[in-house]
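**Q** Next input, structure requested:
(one chain, ligands or ions: 2)
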Amino acid sequence: MMPAFIASVALSAISLLARVFLGLPSPLEKLYNAMTFWLGTPQMFQLVHSLLGFGEAGKIAAFLGSSLLFIGGLTLLGRASILSASLGVGAISLVLLFSSQGLLAIVWAAAYAALYYGIRFVLQPLETDTAKRGTLRTLTGGAVGVLGLGAFGVLQPLLRGSSSAVAAPVANGNLPKLPDGIVSQQDLYYVSINNEALDPRINEETWSLELGGLVKNPQKFKLQELKDQFTPQDLEFTMSCISNPVGGTLIGNCIWRGLRVKDLLEKVGIEAGAKWITWEAADGFYESLPLGQALEDNVLLAYFINGEALNSKHGFPLRVILPGHYGMKQPRWLTKISLSSEERLGYWANRGWSRTAYVQPLSRIDDLPKLKAGEVAKLRGIAYAGIQPIEKVEVSTDGGQTWTNAKLEKRARYAWTRWSLDWTPKSGNQQLVVRCYANGQVQSEEVRDSLPEAASGWQRLNAFVA
Ligand SMILES: Nc1nc2c(c(=O)[nH]1)N[C@H]1C(S)=C(S)[C@@H](COP(=O)(O)O)O[C@H]1N2
Ligand SMILES: [Mo]
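**A** Numbering: from 1, shown residues only. Ligands and ions are numbered 1, 2, ... in the order given. So this is what the prediction gives:
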């Protein structure tokens, strides 16, 4: 059993390291992808989030789960002879890699089977020789250590918690803040179907954007061609995640520069019968949109953020910017655009999330200064309703009995609106509530979870004033 276990751990570790550092396909990663796929389905999503809370904990659990499943499965296979166990490894790798690697999967599966065979073969003489059992134990320790290191490397970005979200209420003093005005690329929230270490790291030399389906001239564009051949557009736009809880921080306002989708499609020519546009990304993510919506002036393929190139984390070299919709409709690492007569449901829509993902009005308190009775304090926050302008923001300091208009700081049309309010509190417990108005209506008070159409409800914060 011991050599089978070492071989399984070693194979997992080698394939993961090769994946992270060389970009080679890893069956363990595919298993992890399948796990996160199921984590996104409504029942699992609710379960994981009620057990582990919001944020990245679900992905860590999925990674550990898939590692255990993979190593455990291969170790059990090891009860068979070296040759049949290796064939089993090849078969499992083939199944896991097939859809993403096509025919190449056969080559990869054979390579992993051969690697497994090699490791088992080298370890075999050790098993029968009692004097060498110690070596075997040392090797097991080493193999587990390597997998541990690899797993740590892969999990590290998650453990840093780059997108921690909060649930109201929060006591004063420890409120996660959002930057004023424009958010830097560094500070922009991050959400991905992948583990951050496994996110695509695209090389501009080998990358191109493919246009296909119902277009007159299917063709490919290099990044430089997209920059040179189409007039760049700048757009201040607030991106937010549909899974952002009430009062959460999965939202950020940046200035995006890119070309208009409309200009690109005019160049390649739209065939009669084209009704839908589908975006495909390097990590297997995909989304679609009624073609008419993609032809609107402010739908961009962005390559700059606040004047600098997108970094890998936020979608280098190209990502979709789609005002009015949540981030899930805006693929990063774009590789292909195709037009069709039928809708292709997106990655998240396929798991029960919203098909349209229109931004619902939200408001947030994001600066709660130290409060002292009788002293003026400045309350600040944001309100956002996608393409609808924010008409009014009201704040209550008595749990919703009375309301005061906040001062609004209008920004660009698709940017969040910042609000502020001077407040002189009395001592004791107070409850702050915020709500906004858009389209002549007050933000929905109904407390609802983010699945499937985004969270709703007014943010309430309990504050104690000394
Ligand atoms: N290719 C790809 N694009 C993607 C995603 C993804 O996982 N893969 N996640 C989407 C989601 S759910 C959101 S909220 C935004 C987040 O973008 P950001 O991390 O750059 O803020 O990217 C969107 N685009
Ligand atoms: Mo998202």
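**Q** where does the stretch 251-400 of the chain come near ligand 1, residue by residue?
**A** 281, 283, 285, 314-315, 327-328, 330-333 (C-beta under 6 Å from any ligand atom). Just so you know, the C-beta spots here come from the backbone N, C-alpha and C atoms, and that holds for glycine as well.
**Q** Those also near ligand 2: which ones?
**A** Within the set of those, contact with ligand 2 (C-beta under 5 Å from the ion) is found for 327-328.
**Q** Turn the residues of the stretch 251-400 of the chain next to ligand 1 into a markdown table, including secondary structure and pLDDT.
**A** Shown next, in a markdown table, are those (DSSP: H, G, I helix; E, B strand; the rest coil; pLDDT from 0 to 100):
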| residue | secondary structure | pLDDT |
| --- | --- | --- |
| Ala281 | strand | 98 |
| Asp283 | coil | 93 |
| Phe285 | coil | 94 |
| His314 | coil | 97 |
| Gly315 | coil | 98 |
| Gly327 | helix | 97 |
| Met328 | helix | 96 |
| Gln330 | coil | 98 |
| Pro331 | coil | 98 |
| Arg332 | coil | 98 |
| Trp333 | coil | 98 |
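**Q** Export the residues of the stretch 251-400 of the chain next to ligand 1 to TSV and append columns for neighbour count.
**A** As requested, these are exported to TSV (neighbours: other C-beta atoms under 10 Å):
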residue	neighbour count
Ala281	21
Asp283	18
Phe285	20
His314	22
Gly315	25
Gly327	24
Met328	20
Gln330	22
Pro331	26
Arg332	25
Trp333	25
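**Q** Which one of the residues of the stretch 251-400 of the chain next to ligand 1 is nearest to Ser427?
**A** Among those, Gly327 lies closest to Ser427 (C-beta to C-beta), at 41.7 Å.
**Q** hang on, Tyr189 packs against Ser243?
**A** No: applying C-beta atoms under 8 Å, one finds Tyr189 not in contact with Ser243, separated by 10.7 Å.
**Q** Name the residues contacting each of these two.
**A** Here Tyr189 and Ser243 share the contacting residues Leu250, scored by C-beta atoms under 8 Å, 6 or more residues apart in numbering.
**Q** Which one's more surrounded, those two?
**A** A direct count of neighbours by other C-beta atoms under 10 Å for Tyr189 and Ser243 places Ser243 higher, at 25 against 21.
**Q** so who does Ile255 touch?
**A** Contacts of Ile255 by C-beta under 8 Å, 6+ apart are 182, 234-237, 305-307.
**Q** Please type out the PyMOL selection for whichever of the residues you listed turn out to be buried.
**A** Typed into PyMOL, the line below selects the buried ones among the contacts of Ile255, using 16 or more other C-beta atoms under 10 Å:
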select buried, resi 235+236+237+305
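**Q** Would you point out which residue of this protein is nearest ligand 1?
**A** Gly327 (2.4 Å; C-beta to the nearest ligand atom).
**Q** what residues are up against that residue?
**A** 191, 239-242, 250.
**Q** before we move on, what about Trp403?
**A** 394-396, 435.
**Q** List the ones among those residues that fall in strands.
**A** Counting by DSSP state E, the members of the contacts of Trp403 that fall within strands are 394-396, 435.
**Q** Make TSV from these and add distance to Ala80 to it.
**A** As requested, the ones in strands among the contacts of Trp403 are exported to TSV (distance: C-beta to C-beta, whole Å):
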residue	distance to Ala80
Glu394	69
Val395	68
Ser396	68
Arg435	64
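**Q** Next, please give the residue ranges for the strands of the stretch 351-466 of the chain.
**A** Secondary structure of the stretch 351-466 of the chain by DSSP state E, counting those that start in this stretch: the strands cover 362-367, 377-384, 390-396, 404-405, 407-409, 417-423, 428-438, 441-442, 459-465.
**Q** Output the ones you listed in JSON lines; the columns should cover mean pLDDT and mean neighbour count.
**A** Below are those laid out as JSON lines (pLDDT from 0 to 100; neighbours: other C-beta atoms under 10 Å):
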{"stretch": "strand 362-367", "mean pLDDT": "90", "mean neighbour count": "24"}
{"stretch": "strand 377-384", "mean pLDDT": "95", "mean neighbour count": "22"}
{"stretch": "strand 390-396", "mean pLDDT": "98", "mean neighbour count": "20"}
{"stretch": "strand 404-405", "mean pLDDT": "98", "mean neighbour count": "12"}
{"stretch": "strand 407-409", "mean pLDDT": "97", "mean neighbour count": "14"}
{"stretch": "strand 417-423", "mean pLDDT": "96", "mean neighbour count": "20"}
{"stretch": "strand 428-438", "mean pLDDT": "95", "mean neighbour count": "20"}
{"stretch": "strand 441-442", "mean pLDDT": "98", "mean neighbour count": "13"}
{"stretch": "strand 459-465", "mean pLDDT": "90", "mean neighbour count": "19"}
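**Q** what's the closest of these to Leu289?
**A** Using C-beta to C-beta, the strands of the stretch 351-466 of the chain put strand 377-384 closest to Leu289, at 20.6 Å.
**Q** In the sheet, which strands lie alongside that closest one, parallel or antiparallel?
**A** strand 362-367 (antiparallel), strand 417-423 (antiparallel) (DSSP bridges).
**Q** how about a markdown table for the ones you listed, with distance to Ile321 added?
**A** Output for those, formatted as a markdown table (distance: least, C-beta to C-beta, whole Å):
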| stretch | distance to Ile321 |
| --- | --- |
| strand 362-367 | 19 |
| strand 417-423 | 19 |
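**Q** Would you mind naming what in the stretch 251-400 of the chain lies close to ligand 2?
**A** 327-328.
**Q** go with 6 Å
**A** Contact residues, the stretch 251-400 of the chain versus ligand 2 (C-beta under 6 Å from the ion): 326-328.
**Q** Quick check: which ranges of this structure have low pLDDT?
**A** Scanning the chain for pLDDT under 70 picks out 1, 53-56, 127-128, 131, 154-177.
**Q** How is it divided into domains?
**A** Following automatic domain parsing, one finds the domains of the chain at 2-159, 196-351, 362-465.
**Q** Any idea which of these gets closest to Leu178?
**A** Across those, closest to Leu178 is domain 362-465 (C-beta to C-beta), at 4.8 Å.
**Q** my guess is Leu211 is in a helix, correct?
**A** No: per DSSP: H, G, I helix; E, B strand; the rest coil, Leu211 lies outside any helix segment and is strand.
**Q** Near it, how many other residues are there?
**A** 19.
**Q** And the helices in the stretch 151-300 of the chain?
**A** Assigned by DSSP state H, counting those that start in this stretch, the helices in the stretch 151-300 of the chain fall at 223-229, 261-268, 291-294.
**Q** Residue of the stretch 51-200 of the chain closest to ligand 2, please.
**A** Val191 (4.4 Å; C-beta to the ion).
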